[in-house]
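Trainee: the following comprises the amino acid sequence and a computationally predicted model.
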Amino acid sequence: MKERTGKVDQTDAQKEQEKLIKAFKDRDVNMNPDGCKEVDTTREPVSMVFIGHVDAGKSTICGNLMYMMGVVDARTIEKYKAEAKEKNRDSWWLAYVMDVSDEEKAKGKTVEVGRATFDTKSKKYTIFDAPGHKNYVPNMIMGAALADIGGLVISARKGEFEAGFEKDGQTREHVQLAKSLGVQRLVIIVNKMDDCKWGKARFDEIQKGLIPFLKATGYSEKDVTWVPISGLSGDNIKENSGTANWYKGPGLLEILDQVELEKREPNGPLRIPVLDKMKDKDIIVHGKVENGTIRHGDKLVIAPHGGLAQVLSLSDAKGDQVMYATPGENVQIKINVSDEDQIQ
């Protein structure tokens with residue numbers, strides 16, 4: 001028998017962590033950077049992803065939201081209208097607010113995840129316009145992974161709801177992915193109601209078909225809100241326009257302002273899942289603060305390797321440099337790391 005020395009052999013993971021910690025070099029961080037914006041503590045940060053089958057009207061709804069909230073100026077709107085007219089797609093100009101690439105504009109289909117921000121009375125929203133085509137599901141997953149609530153867009157046009165809900169449609173898959181990725185609430189946006197002349201029978205038919213599936217996926221009645229709209233005309237987006245005399249509920253923006261989320265823990269341990277990274281002079285990572293508070297100049301540990309990182313600068317969802325970010329905030333973090341391969 002060997003004599004016990006009391007010495008514990010290091011695992012490969014422990015050796016790697018020790019190596020990373022030794023390799024880390026601290027940098028001087030300016031703790032009073034120019035141009036830092038005050039963090040808006042009067043509004044709760046909320047992220048929303050628009051999901052649903054291809055051509056349900058997600059980008060058009062997002063574009064109209066931006067237009068109504070004054071995020072897009074009149075000159076830009078005129079430019080989009082002219083571009084749409086050139087392509088003989090006059091009604092597509094609203095979608096151009098979110099679909100910015102030439103490919104998206106030519107095809108009329110979202111490929112990348114569009115992103116925009118706006119403020120309501122009580123919330124500061126980051127919205128993600130996810131692609132509906134089955135070929136771009138990985139891009140949809142990125143948008144859903146950042147979201148607190150989902151806007152499930154359903155087309156009321158004859159045949160389109162059915163196409164999205166059948167086996168090869170994206171409605172089912174998007175709902176299941178949203179639930180598995182932690183999307184807490186769903187707003188079911190029944191779009192193109194003007195196409196069926198705002199018929200209550202069509203709205204009821206869609207509800208009857210969808211509710212059992214939502215419950216089976218894990219969304220209870222309290223997790224789901226329904227609103228009939230026309231993304232193109234804007235009816236029921238900002239407020240109840242009265243177009244459908246049978247609908248007495250709030251407009252889409254009013255629903256978004258009233259949504260309640262689960263309690264967050266700004267004083268808990270910091271957790272930020274990293275969803276993307278880019279290399280500039282330094283490494284910049286993108287993610288959402290799920291727990292705790294991140295501050296300019298903080299020293300962090302990168303999981304699962306255990307290497308060290310240092311926050312060189314911090315930007316919010318609008319791209320403004322800030323001194324700290326709390327749960328719910330989408331952030332870009334410029335970091336100092338010993339080995340950039342730690343961040344996948």
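Mentor: Okay, I see it.
Trainee: can you show me the CA trace of stretch 303-319 as PDB?
Mentor: Provided in PDB are the C-alpha atoms of stretch 303-319 (Å, rounded to 0.1, in the frame of the first residue of the first chain):
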ATOM      1  CA  ALA A 303     -17.900  29.500 -17.300                       C
ATOM      2  CA  PRO A 304     -17.300  26.600 -17.700                       C
ATOM      3  CA  HIS A 305     -13.500  27.000 -17.900                       C
ATOM      4  CA  GLY A 306     -13.100  29.300 -14.900                       C
ATOM      5  CA  GLY A 307     -10.900  31.900 -16.700                       C
ATOM      6  CA  LEU A 308     -10.900  35.600 -15.700                       C
ATOM      7  CA  ALA A 309     -12.400  38.500 -17.600                       C
ATOM      8  CA  GLN A 310     -12.500  42.200 -17.100                       C
ATOM      9  CA  VAL A 311     -15.200  44.600 -18.200                       C
ATOM     10  CA  LEU A 312     -13.600  47.400 -20.300                       C
ATOM     11  CA  SER A 313     -16.900  49.000 -21.300                       C
ATOM     12  CA  LEU A 314     -20.600  48.300 -21.200                       C
ATOM     13  CA  SER A 315     -23.300  49.300 -23.700                       C
ATOM     14  CA  ASP A 316     -27.100  48.900 -23.400                       C
ATOM     15  CA  ALA A 317     -29.600  47.700 -26.000                       C
ATOM     16  CA  LYS A 318     -29.600  51.200 -27.600                       C
ATOM     17  CA  GLY A 319     -25.900  51.100 -28.000                       C
END
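Trainee: quick one: mean pLDDT for that stretch?
Mentor: Per-residue pLDDT values over stretch 303-319 give a mean of 87.
Trainee: buried ones in it, by neighbour count?
Mentor: Going by neighbour count (16 or more other C-beta atoms under 10 Å), the buried part of stretch 303-319 is 305, 307-317. Placement of C-beta: from N, CA and C, glycine included.
Trainee: try stretch 317-328
Mentor: 317, 321-328.
Trainee: widest-spaced pair of these?
Mentor: Farthest-apart pair in the buried residues of stretch 317-328 is 321 and 327; separation 19.4 Å (C-beta to C-beta).
Trainee: could you list the domains of this protein?
Mentor: By the record's domain assignment, the chain is partitioned as 44-258, 266-342 (automatic domain parsing).
Trainee: just these: most buried one?
Mentor: Neighbour counts (mean count of other C-beta atoms under 10 Å) averaged over each of the domains of the chain peak at domain 44-258, with a mean of 19.
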